[in-house]
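[1] Structural data only, the sequence is not supplied:
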């Protein structure tokens, strides 16, 4: 079966004058899986998005996850010029893979065009209550590993993710590890949520880590509508440079 999607975000404040491009692709889907060509979220990104209670809010875990002591969130890509494959689910197990020849659409950063190549893959086991996932992403100068677990019942949602990132910047390797925890308790249509994320200092410089604390109350109004109140804070080491919600709200 053929499939396609064109997705954009419209800035109703008028601060930007053009549509913001999001996932858009053409593809085929059938019994042996789904194959897409276009612009699509990497499997590495999807692993973290699927377990973040505060996804797309000011308390989004992309403040920490996906950054190496920087306000630039380089590991949660919506990769351009990509080919994406998703296997069918077999006993709750699903494999995803993506290759991009130029993930940010800016062309080669040097004479070596492979600088902008990106490869990303994940393996997910999901049996409803319990979900386990692992993902790896590699480029010429960066690499990342994510391992995640989630427990979801009618009354409780709890998740944990470990992340290890490395950036080879001009022969100088910056490595750092990070962890994020989520917990939510549901009472009827109201959910109370907490989140804690921490990034260790990289190996080359002390006090480059950060911590983020988040709290939220979510109220469902209908199947497609909810209102919420969230609060979040980021504390940096003396040499840290993580900004709140750098991956989502600027």
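    Now that the structure is in, tell me what you want to look at. From a predicted model like this one, the values you see are computed outputs, not experimental measurements.

[2] Residue 238: neighbour count?
    By other C-beta atoms under 10 Å, 8 other residues sit near residue 238. Backbone N, C-alpha and C define where each C-beta goes, glycine included.

[3] State the phi and psi torsions of residue 191.
    phi -130, psi 140 (degrees, to the nearest 10).

[4] contacting residues around it?
    Each residue near residue 191 by C-beta atoms under 8 Å, 6 or more residues apart in numbering is listed here: 157, 184, 185, 216, 217, 218, 219.

[5] Buried only: go through the residues you listed for me.
    Buried residues within the contacts of residue 191, defined by neighbour count using 16 or more other C-beta atoms under 10 Å: 157, 184, 216, 218.

[6] Show me the helices in this structure, by range?
    43-49 (DSSP state H).

[7] Which stretches in it count as strands?
    2-9, 20-30, 33-41, 78-86, 93-100, 118-126, 130-139, 142-152, 156-169, 172-187, 190-199, 210-220, 226-236 (DSSP state E).

[8] Now do the fourth one: everything it contacts.
    Same thing as strand 78-86. Against strand 78-86 from outside (C-beta under 8 Å, 6+ apart): 22-23, 25, 27, 33-42, 45, 94-105, 118, 120.

[9] Can you check the pLDDT for residue 140?
    Note for residue 140: predicted pLDDT of 81.

[10] State the distance from it to residue 83.
    From residue 140 across to residue 83, the span is 18 Å (C-beta to C-beta, to the nearest Å).

[11] And for residue 67?
    In terms of C-beta to C-beta, residue 67 sits 26 Å off from residue 83.

[12] who has more neighbours, these two?
    residue 67 (25 against 17).

[13] Format the strands of the chain as JSON lines; extra columns: distance to residue 59.
    Output for the strands of the chain, formatted as JSON lines (distance: least, C-beta to C-beta, whole Å):
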{"stretch": "strand 2-9", "distance to residue 59": "20"}
{"stretch": "strand 20-30", "distance to residue 59": "21"}
{"stretch": "strand 33-41", "distance to residue 59": "20"}
{"stretch": "strand 78-86", "distance to residue 59": "21"}
{"stretch": "strand 93-100", "distance to residue 59": "26"}
{"stretch": "strand 118-126", "distance to residue 59": "24"}
{"stretch": "strand 130-139", "distance to residue 59": "21"}
{"stretch": "strand 142-152", "distance to residue 59": "18"}
{"stretch": "strand 156-169", "distance to residue 59": "14"}
{"stretch": "strand 172-187", "distance to residue 59": "10"}
{"stretch": "strand 190-199", "distance to residue 59": "6"}
{"stretch": "strand 210-220", "distance to residue 59": "4"}
{"stretch": "strand 226-236", "distance to residue 59": "4"}
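
[14] quick one, which of those is nearest to residue 242?
    Among the strands of the chain, strand 210-220 comes nearest to residue 242, with 4.0 Å by C-beta to C-beta.

[15] Can you list the strands that the closest one pairs with?
    Sheet pairing for strand 210-220, assigned by DSSP bridges, gives strand 190-199 (antiparallel), strand 226-236 (antiparallel).
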